[in-house]
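Trainee: I need the structure of the sequence given here:
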Amino acid sequence: MKIKYQNFLRNNFFLLILLFAVIVVVFLSYNRFIVRRDYIVEYEGNCDPTVDVCFIGCEDDECIENYYYFNIQKYAADLYGQCGEDITDCEEANVCLPEDHNCSITYCDVEVDGDICTLISESNSEIQNGDRDFQEKELLQDNNDNNNI
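Mentor: Now for the predicted structure:
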């Protein structure tokens, strides 16, 4: 009987080591990804194109309606600690807090992303120029009203 087990171990040594290694890797991965949430999550955050240079995305295939976003990378344990299981309506998910580990926000870079940022930058300048024109008209109107008094 003892010789039978020795022959089995000797003939299947590589297979047994491989099986043991697979079990260890599965256990360590489960512990890292499910229990400790020790990984980085990357997702799109809401971006205000009047303040920042944002990426532009399409809501549907025809690109009828656009939305503005930035890319955010956050440590999963921090994210789930701040927002719980549902991160879709969580304000803390869109900012890097001081206690966050490995958190970064990437805005659109004209040199790297090219045309996408140029379009957004042009629309930002149009929006900002429009606001300035509107503010200047208000100031002129206020000055005229004050002069008439």
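Trainee: show me where pLDDT drops low in the chain?
Mentor: Counting by pLDDT under 70, the chain shows low-confidence ranges at 1, 113-149.
Trainee: Could you rerun that using 80?
Mentor: Within the chain, the segments meeting pLDDT under 80 span 1-2, 60-63, 110-149.
Trainee: show me where it has strands.
Mentor: For the chain, the strands defined by DSSP state E occupy 40-46, 55-58, 66-75, 104-106.
Trainee: in the protein, which spans are helices?
Mentor: For the chain, the helices defined by DSSP state H cover 2-11, 13-30, 76-83, 110-113, 115-148.
Trainee: And this protein, split by domain according to the record?
Mentor: As assigned by automatic domain parsing, the chain contains the domains 1-36, 38-148.
Trainee: In JSON lines, list those domains along with mean neighbour count.
Mentor: In short, each C-beta sits where N, CA and C put it, glycine included. Formatted as JSON lines, the domains of the chain follow (neighbours: other C-beta atoms under 10 Å):
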{"stretch": "domain 1-36", "mean neighbour count": "10"}
{"stretch": "domain 38-148", "mean neighbour count": "13"}
